[in-house]
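In: how would this look folded up:
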Amino acid sequence: MSDNKKIIAIDAMGGDKGPNAVLGGMNQFLYQNGEGRVFFRVFGDEKKLRKLLAKYPRVSRNCEVIHAPNVIKGTDKVMDVLRHAQDTSMYMAIKDVREGKSMAVISAGNTGILMSLSKLALKTVDGISRPAITTM
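Out: Numbering: from 1, shown residues only. The predicted structure is shown next:
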């Protein structure tokens, strides 16, 4: 992989429509921005993801799937998840950034839990007390 390629961790299991919508979004991104400049490390149920990737060859060529056995649901409470998040797709994607394997993490999952886990795992920049949220 070239040094200028961006690597992004993706929580593929988050969001109301789950991995199909996430992979579809990744496909659209690659279509609009070209292949080869971004590589995705995709976290989630490997069996489900491999089956869906057959519909998205562009994504399949530009990603690595990392199995995460559990998922954080939209209805989960922050305090309940904080103690048991280690094997979830969201936490594993965040941890990937902490370990320097990815440059950023993207999740369409539970926003409160994403912010809490991110702040705990990644900390914040000096002088900034809260993590940032961005949209298109």
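In: state whether residue 23 is indeed within a strand.
Out: No - with DSSP: H, G, I helix; E, B strand; the rest coil as the criterion, residue 23 is assigned helix and is not in a strand.
In: please begin residue numbering at 52 from this point
Out: Sounds good: first residue 52 from here, last item residue 74.
In: thinking it is in contact with residue 101, fair?
Out: No - in this structure residue 74 lies outside contact range of residue 101 using CB atoms under 8 Å: 10.9 Å. (Each C-beta comes from the backbone N, C-alpha and C, glycine too.)
In: more crowded one of those two?
Out: Neighbours per residue (other CB atoms under 10 Å) separate residue 74 from residue 101, with residue 74 holding more: 24 against 12.
In: check what pLDDT that one gets.
Out: On the pLDDT scale, residue 74 is placed at 97.
In: list the contacts of it.
Out: Counting by CB atoms under 8 Å, 6 or more residues apart in numbering, residue 74 touches 63, 93, 100, 103, 104, 106, 107, 110.
In: ok, residue 148 to residue 137 distance?
Out: Counting by CB to CB, to the nearest Å, the gap from residue 148 to residue 137 is 15 Å.
In: those two: which is more packed in?
Out: Each of residue 148 and residue 137 has its neighbours counted (other CB under 10 Å); residue 148 has more, 19 against 10.
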